[in-house]
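1. What shape does this take:
(chains A and B)
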Protein chains: 2
Amino acid sequence: MSEVIFKGEKAKVASHQLVGVTTEEKNKALQKIANKLRSETDQLLAENDKDLQAGKMKGLSDNILDRIMLNAKRIDDMANAIELLVKLTDPIGENLETINKENGLLIKKKRVPIGVIGMIYEARPNVTVDAATLSIKTGNAVVLRGSSSAYYSNKALVQVIHQALEETAIPLDAVQLIEDTSRETAKQLFTLNEYLDVLIPRGGKSLIETVVRESTVPVLETGAGNCHVYIDESGIYEMAESIVINAKTQRPSVCNAIETVLIHEKWFQQCGLKLLATLTNHEVEIYGDQKVVQSYRRAKRATEEDWGTEFLALKLSVKVVENVHEAIEHINRYGTKHSETIVTETNENAEAFLMQVDAAAVYHNASTRFTDGFEFGYGAEIGISTQKLHARGPMGLEALTSSKYFIYGSGQIRE
Amino acid sequence: MSEVIFKGEKAKVASHQLVGVTTEEKNKALQKIANKLRSETDQLLAENDKDLQAGKMKGLSDNILDRIMLNAKRIDDMANAIELLVKLTDPIGENLETINKENGLLIKKKRVPIGVIGMIYEARPNVTVDAATLSIKTGNAVVLRGSSSAYYSNKALVQVIHQALEETAIPLDAVQLIEDTSRETAKQLFTLNEYLDVLIPRGGKSLIETVVRESTVPVLETGAGNCHVYIDESGIYEMAESIVINAKTQRPSVCNAIETVLIHEKWFQQCGLKLLATLTNHEVEIYGDQKVVQSYRRAKRATEEDWGTEFLALKLSVKVVENVHEAIEHINRYGTKHSETIVTETNENAEAFLMQVDAAAVYHNASTRFTDGFEFGYGAEIGISTQKLHARGPMGLEALTSSKYFIYGSGQIRE
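-> Presented below is the predicted three-dimensional model:
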């Protein structure tokens, strides 16, 4: 039997055992994991170092090595995040609906765990701890499939989690790590419908696209963000500048950073060059349409591909548009349905933009950088969903739950 | 350009136009469709007759011909269903959450349409009207792909819908029918991610399985119901009998009918033969395990395959089990996560069953036949979801909606 099927089945059995585990028992287990992470820091760093050495040998970029790297601070951060998770309200068991039928039937719709969550992710070992602890909090079992570049770190982290779970009500099998990180095990997870209830990819665009394309298990799609700022004719210069600079430069590598600024032609005539110069001062490379390139010589010409590209770097596409409608059309064509903002003092245009732009989060006069589970006050974040089913936008604990109808009768039959 | 891509794109454009259409405008359009169905009854019946004649030529079974068949009563029923739909509360625009941030940002999570719904279905032309009108009520565009056996009926029904929409705020393109019913157009819909936001299969097990396996568009899985009654040691005979007879025989062809009865061994010793004889009197064929076959000579031996089969006919598998835990295990192994019921006077066993059985609807002392959007009071039903994401159990209008965050600022940026 393959590792994936073996561990998938174990996770399924564990998910049945997790039914009925109390909030207190779950929180106790989470606290033990936090404690164990702190007390095993040296051991974790030693294992993490093996990944870093192997990564250097393989010539991984500094950027990727930084994602793999753990240190005492980062491990303490993980433990702190778990302690915040302990404090969050347990969503399981919440009564969502009560229906009293005339025939005496009592129908209750309650929140329940999903069952078994499959997680496929790249590099960052903290996803291992995140996914395991969020799953435990929501009564789910989890099958983790990280990348080879964090092999030793992930293995050590799961070992610490298993040690912490030993004297708790949570079965150890609730957290499974697929140690074989070959392409073959990912493919097996894609069609493990018998044991997995959902598959969540965390990582780059290509990983996410592969999972969406190949998985027959339902997928929670997270991540890709080709976000835009549209500056309308009546947009206030200072506000527009500060939102553009914030959304582009505060942290360019994240999904809620912007990749394109669309500018109303009249605003562009008046303030366009000033904004572009400020962007250049912030070391942002500009890829402009014809009008931009003609009036700002440091701008390069944007290709068709650029409008659809998530740069995740200090690069920005800039396009001059006729009006809000052209801006909406452009965004609905090239955007990834993540976060989009309009800067305007004209309420009618703001309303058209917010209603018609098809995205998880639409903003009026604010930076797109706020699309985030913690910023929204959810206290935890599984990822940001860019699909429309089940969950859309920042996903908190509720995204890891399902519902179930409990029906209480006294012999009722259907006429 | 293929018909599927052409109509998919048109539906997408229409879905953008549907944003901002008011409840009143939608209801007006729906009422016009109801009126037009009634006034065009003769024409519809004439077209339906072409399908029936073609079906007879092809040697379709009476059962399938009955599903295709329209008559004045059935068309009036469609119109009546639309008038009920008009009366239902419009879910679009509902405020789901309000977050006031300290920095002055106002975040509102509101219910919005999904966008474009793809519907793949078999035989029944009433699904055409159902899907179109439910989509309109929820502000979605819909791409319909029915079967060749209802070609003329579906075409005529969509024509009537388009005529009715002509003087309304709903764009005609919001309802698209794929007229080419070859296998190729279904396959194209499976991967039409650019234009479809969700794909809903309505029909037999094989259709649903194909869509789940091959579709990269998110799927709302509906339908298959391998449902069970478990009679516990303390189950009252009369109640058990009436629930089993109701759940098996009242309408054997539907998904919430039962396919297997599991019986506690002590109950079986006392009342098993009486129940089996009653089932035989109701013309139910029994497929039993060894104990059943040994004690009831009219029972045939159930094969391993029978436990997993949705008979949808007057056939029933019967198995004797040791206790509630064996029953739960059997159901979680062979069931399709639809509807499951326990007959017992022992609350502890009822609770274990309801908590541990993994199904959309779990019952204590009632027939599984109640799992139904109308029975639950939703006033409409898209289908019964047997998956755990987005919607589980009977799906009302809300299942055809998504959500969107609207964020109102005054220049806020992220620190």
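2. who's in contact with stretch A:162-176?
-> For stretch A:162-176, the external contacting residues (CB atoms under 8 Å, 6 or more residues apart in numbering or on different chains) are A:7-8, A:10-11, A:13-15, A:17-18, A:21-22, A:25-26, A:28-29, A:32-33, A:35-36, A:40, A:132, A:135-136, A:140-144, A:158, A:161. Backbone N, C-alpha and C define where each C-beta goes, glycine included.
3. Kindly recompute the last result at 6 Å.
-> For stretch A:162-176, the surrounding residues in contact (CB atoms under 6 Å, 6 or more residues apart in numbering or on different chains) are A:7, A:10-11, A:14, A:17, A:21, A:25, A:29, A:32-33, A:36, A:132, A:136, A:141-143, A:161.
4. For that stretch, give the mean pLDDT please.
-> Across stretch A:162-176, the average pLDDT comes to 97.
5. Just the C-alphas of it, formatted as CSV.
-> Extracted C-alpha coordinates of stretch A:162-176, given in CSV (Å, rounded to 0.1, in the frame of the first residue of the first chain):
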residue,chain,number,x,y,z
HIS,A,162,2.8,14.0,17.7
GLN,A,163,4.8,14.1,21.0
ALA,A,164,2.6,16.9,22.3
LEU,A,165,-0.6,15.0,21.4
GLU,A,166,0.5,11.9,23.2
GLU,A,167,-1.4,12.6,26.4
THR,A,168,-4.3,14.4,24.9
ALA,A,169,-7.8,13.4,23.5
ILE,A,170,-6.6,14.1,19.9
PRO,A,171,-5.5,11.0,18.1
LEU,A,172,-1.9,11.2,16.8
ASP,A,173,-3.2,10.0,13.4
ALA,A,174,-5.1,13.3,13.1
VAL,A,175,-1.9,14.8,11.8
GLN,A,176,-0.3,12.9,8.9
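6. Can you give me the buried ones in that stretch?
-> By neighbour count on 16 or more other CB atoms under 10 Å in any protein chain shown, the buried set for stretch A:162-176 is A:His162, A:Ala164, A:Leu165, A:Thr168, A:Ile170, A:Pro171, A:Leu172, A:Asp173, A:Ala174, A:Val175, A:Gln176.
7. Double-check that the fourth one belongs to a helix.
-> No: checked against DSSP: H, G, I helix; E, B strand; the rest coil, A:Thr168 lies outside a helix; its state is coil.
8. Now for the closest residue to chain B within the stretch 251-400 of chain A: which residues touch it?
-> The minimum distance from the stretch 251-400 of chain A to chain B, using CB to the nearest CB, falls at A:Ala366 (2.9 Å). Applying CB under 6 Å, 6+ apart, we find A:Ala366 in contact with B:Ile407, B:Gly409, B:Gln412.
9. all strands for the stretch 51-200 of chain A, in order.
-> A:95-100, A:106-113, A:116-121, A:141-145, A:175-177, A:198-202 (DSSP state E, counting those that start in this stretch).
10. who wins for proximity to B:Ala224 among the ones you listed?
-> Ranking the strands of the stretch 51-200 of chain A by proximity to B:Ala224 (CB to CB) places strand A:198-202 first, at 19.0 Å.
11. Name the residues of the stretch 201-350 of chain A found near chain B, please.
-> Taking CB under 6 Å from any CB of the partner chain as the contact definition, the stretch 201-350 of chain A meets chain B at A:Val212, A:Arg213, A:Thr216, A:Pro218, A:Met239, A:Ser242, A:Asn246, A:Gln250.
12. Which of those residues fall in helices?
-> Among these, DSSP state H puts A:Val212, A:Arg213, A:Met239, A:Ser242, A:Asn246 in helices.
13. Which helix or strand contains A:Arg414?
-> Using DSSP states H and E, no element contains A:Arg414; it sits outside every helix and strand.
14. was I right about it contacting B:Thr368?
-> No: A:Arg414 is beyond contact range of B:Thr368, at 9.0 Å (criterion: CB atoms under 6 Å).
15. So between the two, which is more surrounded?
-> Set A:Arg414 next to B:Thr368 and count neighbours by other CB atoms under 10 Å in any protein chain shown: B:Thr368 wins out with 28 against 18.
16. Which segments of chain A make up each domain?
-> Split into domains by automatic domain parsing, chain A comes to A:3-222+A:382-408, A:227-370.
17. can you put these in a markdown table and add distance to B:Leu276?
-> Output for the domains of chain A, formatted as a markdown table (distance: least, CB to CB, whole Å):
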| stretch | distance to B:Leu276 |
| --- | --- |
| domain A:3-222+A:382-408 | 26 |
| domain A:227-370 | 55 |
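18. now, which of the residues of the stretch 201-350 of chain A next to chain B sits nearest B:Lys101?
-> When those are compared for distance to B:Lys101 (CB to CB), A:Asn246 wins out at 15.5 Å.
19. State the distance from that closest one to B:Cys271.
-> Relative to B:Cys271, A:Asn246 is positioned 73 Å away (criterion: CB to CB, to the nearest Å).
20. Settle it for me: which of the two has more neighbours?
-> A count of neighbours by other CB under 10 Å puts A:Asn246 above the other of A:Asn246 and B:Cys271, at 23 against 18.
21. what phi and what psi does the backbone show at the nearest residue to the more buried one once chain neighbours are set aside?
-> The shortest distance from A:Asn246 to any non-neighbouring residue, by CB to CB, 6 or more residues apart in numbering or on different chains, is to B:Ile413 (3.6 Å). Here the main-chain torsion angles of B:Ile413 (degrees, to the nearest 10) amount to phi -130, psi 160.
22. Tell me who's in contact with B:Ile413.
-> A:Ser242, A:Asn246, A:Ser367.
23. Nearest to chain B: which residue in the stretch 201-350 of chain A?
-> A:Asn246 (3.6 Å).
24. thinking that residue is in contact with A:Ser367, fair?
-> Yes: the criterion here is CB under 6 Å, and A:Asn246 meets it with A:Ser367 at 4.5 Å.
25. Just to be sure, A:Ile407 is in a strand?
-> Yes: under three-state DSSP, A:Ile407 falls within a strand.
26. Excluding residues flanking it in the chain, which one is nearest it?
-> Closest residue in space to A:Ile407, ignoring its immediate chain neighbours: B:Tyr363 at 4.5 Å, by CB to CB, 6+ apart.
27. Next, the angle from the helix or strand harbouring the one you found to strand A:106-113.
-> Per DSSP H and E, B:Tyr363 falls inside strand B:361-366. Angle of strand B:361-366 versus strand A:106-113, following axes from the mean of the first three to the mean of the last three CA atoms, to 10 degrees, is 150 degrees.
28. and strand B:361-366, how far from the chain's centre?
-> 19 Å (CA atoms, centre = their mean, to the nearest Å).
29. Which strands border it, and is each parallel or antiparallel?
-> In the sheet, strand B:361-366 lines up against strand A:401-412 (parallel), strand B:339-343 (parallel) (DSSP bridges).
30. Nearest approach to A:Thr185 belongs to which of these?
-> Among those, strand A:401-412 comes nearest to A:Thr185, with 25.8 Å by CB to CB.
31. If you count neighbours, what's buried in the closest one?
-> A:Thr401, A:Ser402, A:Ser403, A:Lys404, A:Tyr405, A:Phe406, A:Ile407, A:Tyr408, A:Gly409, A:Gly411, A:Gln412.
32. One more: stretch A:57-71?
-> Residues of stretch A:57-71 classed as buried: A:Leu60, A:Ile64, A:Arg67, A:Ile68, A:Met69, A:Leu70 (neighbour count, 16+ other CB under 10 Å).
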